[in-house]
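**Student:** Quick one, structure for this:
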Amino acid sequence: MTGKANHQAAPYHHNVYVVELDSAVRDNARFAAANPGCSPDRPCVYVGLTGMTAEERFERHKAGIQASFFVKRYGLRLLPELYEHLNPMPYEAALRMEEELAEDLRAAGYGVWQH
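**Tutor:** Predicted coordinates:
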């Protein structure tokens, strides 16, 4: 078997993920400015994409490795019920899905940070 065949055996390994953020993030001026329509009844979240598992990526954020400021400081837990059914997917699809998921959550009243 060639290396190319092995590579094609698992073509989809990118994942979108959602992290619940502590409600204190609402007091951050940048976050508040990006979420003027945020409902106080909905959680604040971070939406990202990764080539690793969501759990591994969340741990890296919390450890400060290629971390989003908002996840490192305010990240509480993953919300798999919002993304598990979408994964895994090819990179290009994950890029689009990250945007769509963030837009959908924001439209539903969530406070959303991305990147």
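
**Student:** residue ranges with poor pLDDT in the chain?
**Tutor:** By pLDDT under 70, the weakly predicted segments of the chain are 1-10.

**Student:** how about 50 then?
**Tutor:** Applying pLDDT under 50 to the chain flags the ranges 1-9.

**Student:** could you pull out the helices for it?
**Tutor:** Under the criterion DSSP state H, the chain contains helices at 3-8, 29-34, 54-63, 69-74, 91-107.

**Student:** for the fourth one, the distance to its chain's centre please.
**Tutor:** It stands for helix 69-74. Mean-position distance between helix 69-74 and its chain equals 12 Å (C-alpha atoms, centre = their mean, to the nearest Å).

**Student:** tell me which residues in that helix are buried?
**Tutor:** 70-71, 74 (16 or more other C-beta atoms under 10 Å). All C-beta atoms are positioned from the backbone trio N, CA, C, and that covers glycine.

**Student:** do the last one as well
**Tutor:** Neighbour counts over helix 91-107 (16+ other C-beta under 10 Å) mark 94, 97-98, 101-102, 105-106 as buried.

**Student:** what does that helix contact?
**Tutor:** Residues from elsewhere that reach helix 91-107, judged by C-beta atoms under 8 Å, 6 or more residues apart in numbering: 14-16, 18, 35, 37, 45, 47-49, 51, 82-83, 86, 89, 112, 114.

**Student:** Pull that helix out as CSV, backbone CA atoms only.
**Tutor:** What follows is helix 91-107, C-alpha atoms only, in CSV (Å, rounded to 0.1, in the frame of the first residue of the first chain):
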residue,chain,number,x,y,z
TYR,A,91,-10.8,21.6,6.1
GLU,A,92,-12.7,23.7,3.5
ALA,A,93,-16.0,22.6,4.9
ALA,A,94,-14.9,23.2,8.4
LEU,A,95,-13.9,26.8,7.5
ARG,A,96,-17.4,27.4,6.1
MET,A,97,-19.1,25.6,9.0
GLU,A,98,-17.2,27.6,11.6
GLU,A,99,-18.6,30.8,10.1
GLU,A,100,-22.1,29.4,9.7
LEU,A,101,-22.3,28.0,13.2
ALA,A,102,-21.1,31.3,14.7
GLU,A,103,-23.7,33.2,12.6
ASP,A,104,-26.5,30.8,13.6
LEU,A,105,-25.6,31.0,17.3
ARG,A,106,-25.4,34.8,17.2
ALA,A,107,-28.8,35.0,15.4
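
**Student:** I am finished for the moment; much appreciated.
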